[in-house]
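S.K.: Task: produce atomic coordinates for the following.
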Amino acid sequence: MAGTANPGRPGGARRASRSVRLSRRERKEVRAAAREAASSYAGKRVRRPGDHDSPPAASTAVERPRGGRRALRPKERRTRGLPGTLGLTFVSAMVPGTGYLFAKRKLAGWIVLAGWALIMGGVVLYLFHDHDLAATRTRVVDLVFNPLALRILTLVVAVLLAVWLFVVWTSYRLIRPRERPRWHTVVGNLAVIVFCVIFAAPVVRGAQYAVATADFVDHVFTHNEVATTPKDRTAKDPWAGTDRVNVLLLGGDGGEGREGVRTDSMILLSIDTHTGQAVTFSLPRNMANAQFPDDSPLHEVYPNGFQDGDPADGEYMLNAVYRNVPANHPGILGKSSNEGADAIKQAVEGTLGIPVEYYVLVNLEGFKEVVDAIGGVTVNINEPIAIGGSTDAHQPPDDYLAPGPDQHLNGFQALWFARGRWGSDDYERMDRQRCMVDALVTAADPASLLVSYLDLLKAGQEVVYTDIPKELASAFVDLALKVKDAKVKSVVFKSSEEFSSAAPDFDWMRDIVQRAIDPPAKKHHGAKKDPADDPDDACSYQPTGETVEDAEAADAANY
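M.R.: As a prediction, this is how the structure comes out:
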């Protein structure tokens, strides 16, 4: 109330006094006046005006020091200007706690600094305690393929980031000068906010990557075991003492307007577990009479191979095994998350005579999303490649991919490069698929993968299927690095004097497989090329001379 207000103290004086910044000299004068007033105090009784040693009235009214308690802190330390403030704040961001120590907040400073040291030391100790880079990589991969650990780590990092931001901001507030112009405050605040955002952005992005990776691993590598997945493999002994591991790579041609999935691309990758040397075996989609292992229940159902007596029946070609065997004989191989994968693994195993431990299926309909995510691929195109069109329905293509060296393709174009059959046979398409795999490996450089990582994971959840256990992920990563540094040999089973997809000679095929895996001694140079050797490089630029106009003219003449 106005009547009770202190007439000697203006309204709002307390709040106003605390917002004023004093210089060092003014603070010294205030403290001296306070000491003088205290020394002249003679007890609880207030001196009367008549007392002969009473100081003048003006001297008895000690001015309240402006700035409150903070103004009287004798051990406080602050920077002198904006450059020093920002420099020390930057140091505090790099080594949290140093700003507190500079400002003489020793307890808080040492707690923060010790916590930071413990965290950084724990991370370094966990990753590098055995001084073995291979073991460090294994631990990182194990973490990546542990969704629960990734999510917990993300939460912990989020909390630590919040603490770090608080420490940096309060350090800046404690060390900046008390007396400063307004522009100093505005520029300083903005500068600290900017570099807090710069430092925090990679952490936030990393947290996004971690959560997306956990979702991807959960979707692709959890509850994915099929009946034919090996049961004797562990993280400590991933290959169970074997010298080779064989992974079946499948390109599924499922999509809108198609019933089920047909595996129109089938490549068996056989890898030496010691050296990483690998051989790929490409099988034609229209191969008849696919064999099953003698001890397989499917061998009892199809003792003469997967057939109905007509080698031209498309429902009994190799690419129909994935779809038709589970439909005709559900549960025949036991409990499985993907009966089609079990069936095609057994068909390739029986046909080539070597075990097939794992499979990886990529749905070609979603393949274009993967290519777009990495920014496209570059391939050589030797002749016009049809986009669309149906030979069976006598419908000509909608368009063509033009021939030329180093053609950059987007996802849609890359899909038709890999799957287009109009005007070409299955073997030419198999060659293009091999070239597409090479192009993907080339395009997937670390920078591209980092930029498109989230898009790749999102596309991969809908595109990739496998029965590789996540417990073996580290072993497969190590093996993949060996494969990258070693030579990969390719064998393509094409129509020839020795091979016919309508009536395959399986003994000859198995012999080729064994010679490719364990090559015999080289013969003299004039000998006929062994089919087990690498085929001619179908991915180089060797144009046929045909143009898009030539192809369109031929289509117009025939249809």
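S.K.: Quick one: neighbours of Val279, just the number.
M.R.: 22 (other C-beta atoms under 10 Å). (Glycine included, C-beta is placed from N, CA and C.)
S.K.: List the contacts of it.
M.R.: Shown in contact with Val279 (C-beta atoms under 8 Å, 6 or more residues apart in numbering): Leu269, Ser270, Val488, Lys489, Ser490, Val491, Ala516, Ile517.
S.K.: where does it fall, helix, sheet strand or coil?
M.R.: Using DSSP: H, G, I helix; E, B strand; the rest coil, the structure places Val279 in strand.
S.K.: what does Ala135 give?
M.R.: Here Ala135 is recorded as helix under three-state DSSP.
S.K.: what about it, neighbour count?
M.R.: Using other C-beta under 10 Å: Ala135 sits among 14 other residues.
S.K.: one step back: mind checking which of the contacts of Val279 land in helices?
M.R.: Residues of the contacts of Val279 located in helices (DSSP state H): Ala516, Ile517.
S.K.: Out of the contacts of Val279, give me the one that has the most neighbours.
M.R.: That'd be Val491 among the contacts of Val279, by other C-beta under 10 Å, with 26 neighbours.
S.K.: does it really touch Arg515, like I thought?
M.R.: No - Val491 is beyond contact range of Arg515, at 9.2 Å (criterion: C-beta atoms under 8 Å).
S.K.: And the helices in the stretch 301-450 of the chain?
M.R.: Remark: helices assigned in the stretch 301-450 of the chain by DSSP state H, counting those that start in this stretch are 321-328, 339-352, 364-373, 411-419, 426-443, 446-451.
S.K.: tell me the mean pLDDT for the shortest one?
M.R.: Summarised as a single mean, pLDDT over helix 446-451 is 69.
S.K.: quick one: the closest residue to Val371 other than its chain neighbours from Val463, how far?
M.R.: Of all residues not flanking Val371 in the chain, Gly411 sits nearest, at 3.9 Å (C-beta to C-beta, 6 or more residues apart in numbering). Counting by C-beta to C-beta, to the nearest Å, the gap from Gly411 to Val463 is 11 Å.
S.K.: same question, Gly404
M.R.: For Gly404, the distance to Val463 - C-beta to C-beta - is 28 Å.
S.K.: check contacts around Thr85.
M.R.: Each residue near Thr85 by C-beta under 8 Å, 6+ apart is listed here: Thr79, Tyr172, Ile175, Arg176, Pro177, Gly188.
S.K.: From the residues you listed, list just the buried residues.
M.R.: Thr79, Tyr172, Ile175, Arg176, Pro177, Gly188 (16 or more other C-beta atoms under 10 Å).
S.K.: For these, give me JSON lines that also has secondary structure, pLDDT and distance to Val156.
M.R.: JSON lines is the format used below for the buried ones among the contacts of Thr85 (DSSP: H, G, I helix; E, B strand; the rest coil; pLDDT from 0 to 100; distance: C-beta to C-beta, whole Å):
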{"residue": "Thr79", "secondary structure": "coil", "pLDDT": "89", "distance to Val156": "33"}
{"residue": "Tyr172", "secondary structure": "helix", "pLDDT": "95", "distance to Val156": "25"}
{"residue": "Ile175", "secondary structure": "helix", "pLDDT": "93", "distance to Val156": "28"}
{"residue": "Arg176", "secondary structure": "coil", "pLDDT": "93", "distance to Val156": "31"}
{"residue": "Pro177", "secondary structure": "coil", "pLDDT": "92", "distance to Val156": "36"}
{"residue": "Gly188", "secondary structure": "helix", "pLDDT": "93", "distance to Val156": "31"}
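S.K.: Now the two most distant members of those.
M.R.: Tyr172 and Pro177 (11.7 Å; C-beta to C-beta).
S.K.: what's the spacing between the closest residue to Leu268 other than its chain neighbours and Met509?
M.R.: Nearest non-adjacent residue to Leu268, counting by C-beta to C-beta, 6+ apart: Phe281, 4.5 Å away. Distance from Phe281 to Met509, counting by C-beta to C-beta: 9 Å.
S.K.: where do the contact lists of those two overlap?
M.R.: Applying C-beta under 8 Å, 6+ apart, one finds that Phe281 and Met509 are jointly contacted by Leu352, Phe493.
S.K.: what sits in contact with each of Gly411 and Val463?
M.R.: Phe367, Glu369, Val370.
S.K.: so who does the last one touch?
M.R.: It refers to Val370. Val370 neighbours (C-beta under 8 Å, 6+ apart): Val362, Gly411, Leu440, Leu456, Ala459, Gly460, Val463.
S.K.: Just the buried positions in the one helix or strand Ala200 maps to, please.
M.R.: Ala200 is part of helix 182-221, with elements assigned from DSSP states H and E. For helix 182-221, the neighbour count (16+ other C-beta under 10 Å) marks 188, 191-192, 196, 199, 207, 209-221 as buried.
S.K.: Wait, the residue nearest to Leu268 touches Val513, no?
M.R.: Yes - counting by C-beta under 8 Å, Phe281 touches Val513, with 6.4 Å between them.
S.K.: Between these two, point out the one with more neighbours.
M.R.: Here Phe281 and Val513 are compared on neighbour count by other C-beta under 10 Å; more neighbours surround Phe281, at 26 against 21.
S.K.: residue contacts, the more buried one?
M.R.: By C-beta under 8 Å, 6+ apart, the contact set of Phe281 is Ile267, Leu268, Ser270, Leu352, Val491, Phe493, Val513, Ala516.
S.K.: Any chance of the backbone angles for Arg244?
M.R.: Per-residue torsions, Arg244: phi -140, psi 150 (degrees, to the nearest 10).
S.K.: a strand runs through Leu248, doesn't it?
M.R.: Yes - looking at Leu248 with three-state DSSP, it is inside a strand.
S.K.: Pull up the per-residue confidence for it.
M.R.: Leu248 carries a pLDDT score of 96 in this model.
S.K.: Setting aside sequence neighbours, what's the nearest residue to it?
M.R.: Per C-beta to C-beta, 6+ apart, closest to Leu248 is Tyr359, 4.3 Å.
S.K.: ok, that neighbour touching Lys345?
M.R.: Yes - between Tyr359 and Lys345 there is a contact under C-beta under 8 Å: 5.6 Å.
S.K.: thinking again about what came up before, what is in contact with Phe281 and Val513 at once?
M.R.: Taking C-beta under 8 Å, 6+ apart as the contact rule, Phe281 and Val513 both touch Leu352, Val491.
S.K.: Relative to Glu26, which of the helices of the stretch 301-450 of the chain is closest?
M.R.: Of all the helices of the stretch 301-450 of the chain, helix 446-451 sits nearest to Glu26, with 55.3 Å by C-beta to C-beta.
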